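1. Show me the folded form of this:
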Amino acid sequence: MSNIKLLNESCLDQDVDVIVNATNRYLAPGAGVCGAIFRRAGYVELSTACNKYELPLLDGDVVITPAYRLTNAKYIIHAVGPNFAYTPDAFDKLFEAYYNSLELLVENNLHSIAFPLISAGLFGGELENPAAESTKQCIKAYNEITKKYKNYEINVIICAYLEQEYIEAEKVYNEQ
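-> Residues are numbered from 1 along each chain as shown. Coordinates of the predicted model:
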């Protein structure tokens, strides 16, 4: 049976098939969770794998790489969330980043995935509540994918790392 849960923890600390990297269009190591993933997985190995893709990716695109040195996951899905500072109405692209990640999970016969709040940090731009919007789009994507794959078990963990993000995400999560 599929399920979705919200935690006030890092996605990097979850024992799952896939950890999601909220990345940029060039799959370059950045700050926040992206930088932490590159450091733990192995900068050289992960950069080499990412550089095999035709870049730049578009908002909503996802690609998969091995998890390399991460012992608690098999793969990393790199999801490009929109930068709301430049595209303030790109809610559909945020949804696509979550949905396409879940679609790639199923395509690779995997079942568990841990998401950070995509586009809720630096890419949140001027959104009033980026953590809530990100949570809303993740739940929407989860609901659509589990309808599409009714007999396929999908376990989603939404990880709100900062306490204030968790408080805002929890409001949306509790409404589902």
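2. these two touch, right, C138 and A114?
-> No - using CB atoms under 8 Å, C138 is not in contact with A114; the gap is 11.2 Å. All C-beta atoms are positioned from the backbone trio N, CA, C, and that covers glycine.
3. anything in contact with each of the two?
-> Taking CB atoms under 8 Å, 6 or more residues apart in numbering as the criterion, C138 and A114 both touch V156.
4. quick one: the helix ranked longest in the chain to chain centroid distance?
-> The residue-count maximum for a helix in the chain (DSSP state H) belongs to helix 130-148. Chain-centre distance of helix 130-148: 11 Å, with CA atoms, centre = their mean, to the nearest Å.
5. Give the other helices and strands that that helix contacts.
-> strand 3-7, helix 91-107, strand 155-159, helix 163-175 (3 or more CB pairs under 8 Å, 6 or more residues apart in numbering; DSSP states H and E).
6. Helix or strand next in line after the second one, which one?
-> What it means is helix 91-107. Proceeding N to C from helix 91-107, the next assigned helix or strand is strand 112-116, under DSSP states H and E.
7. repeat for the first one
-> Using DSSP H and E, the next helix or strand after strand 3-7 towards the C-terminus is strand 18-23.
8. Check the nearest residue to I139 once chain neighbours are set aside and give its pLDDT.
-> Spatial nearest neighbour of I139, excluding adjacent residues (CB to CB, 6 or more residues apart in numbering): Q176 at 5.4 Å. On pLDDT, Q176 comes in at 85.
9. So what's the residue count around Q176?
-> By the measure other CB atoms under 10 Å, the count of residues near Q176 is 12.
10. swap in D59?
-> Using other CB under 10 Å, the number of residues around D59 comes to 20.
11. low pLDDT regions in this structure?
-> Along the chain, no part satisfies pLDDT under 70.
12. cutoff 90 now
-> Residue ranges of the chain with pLDDT under 90: 30-32, 122, 126, 176.
13. closest to K148 out of the helices and strands packed on helix 130-148?
-> Closest to K148 of the helices and strands packed on helix 130-148 is helix 91-107 (CB to CB; 8.5 Å).
14. count of neighbours near the closest residue to V156 other than its chain neighbours?
-> Among residues not flanking V156 along the chain, I4 sits closest, at 4.3 Å (CB to CB, 6+ apart). When counting by other CB under 10 Å, one arrives at 19 neighbours for I4.
15. And I4, how far from F123?
-> I4 sits at a distance of 22 Å from F123 (criterion: CB to CB, to the nearest Å).
16. thinking again about what came up before, so which of C138 and A114 has more stuff around it?
-> Regarding C138 and A114, a neighbour count based on other CB under 10 Å identifies C138 as having more, with 29 against 24.
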